[in-house]
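In: sequence first, then the predicted structure:
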Amino acid sequence: MSEPVLQVILASTRPGRLGEPVARWFVQRAEQHGGFTVELLDLKEIGLPMLDEPKHPMLGEYEHEHTKQWSATISRGDAYVLVMPEYNHSFTAPLKNALDYLNKEWAHKPVAFVSYGGVAAGTRAATAIKSVVTALRMHPLFEAVHIAFIRTLVEDGVFRPNQITEDAVKPMLDELARLASALRPLRSA
């Protein structure tokens with residue numbers, strides 16, 4: 001059996017975003033973990049317009065090429081990590097839009113969170129999105145990486161995590177690998 005595909009979704013699309021160095025760091029750690037084939041999906045590069053499909057995503061009857069491509073991309077994944085900032089006590093609009101485009105493609109797959117922000121470390125955003133991913137039949141992990149005071153940890157475009165942040169990565173990836181394997185029969189059904 002091949003390695004599960006872990007898709008790391010970079011949720012910030014704004015200029016000057018700090019999520020890009022965080023996502024690069026996390027992808028490197030996930031590759032070093034060795035339990036996955038890792039893909040970075042940058043919502044800024046993907047550039048989905050606001051949901052424009054005439055039919056409900058649950059039907060899977062997509063008309064637009066960008067939706068068909070997004071569906072094919074997400075269908076490849078076995079597990080997800082959302083690298084997400086906290087904006088106004090919640091997650092970003094581009095992330096919600098990307099999730100809303102699809103339905104069955106997300107089902108029975110584990111999802112974990114690398115959140116960042118100020119003193120709250122993005123924890124409010126991670127909490128807020130759990131009901132959304134659960135409605136899509138995803139399985140959010142308890143294990144997470146929350147990064148406080150992000151601006152102090154990015155220098156010259158490089159994220160320099162503290163030891164607490166580094167130590168949170170392996171348990172999260174271990175649990176993602178276990179759940180991706182355990183949920184595989186549900187995805188195949």
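Out: That came through fine.
In: could you confirm L102 falls within a strand?
Out: No - applying DSSP: H, G, I helix; E, B strand; the rest coil, one finds L102 to be coil, outside a strand.
In: residues contacting it?
Out: 57, 67, 70-71, 74, 136 (C-beta atoms under 8 Å, 6 or more residues apart in numbering). Yep, even glycine has a C-beta here, placed from its N, CA and C like the rest.
In: repeat that for 7 Å
Out: L102 makes contact with 57, 70-71, 74 under the criterion C-beta atoms under 7 Å, 6 or more residues apart in numbering.
In: closest to A98 out of those?
Out: W70 (7.3 Å; C-beta to C-beta).
In: nearest spatial neighbour of that closest one, skipping sequence neighbours?
Out: Y101 (5.6 Å; C-beta to C-beta, 6 or more residues apart in numbering).
In: just give me the longest helix of this structure.
Out: Ranked by number of residues, the top helix in the chain under DSSP state H is helix 163-188.
In: find me the pLDDT at the residue positioned nearest the centre of the chain, would you?
Out: Computing the C-alpha centroid of the chain and ranking residues by C-alpha atoms, centre = their mean puts L82 first, at 2.1 Å. Listed pLDDT for L82 reads 98.
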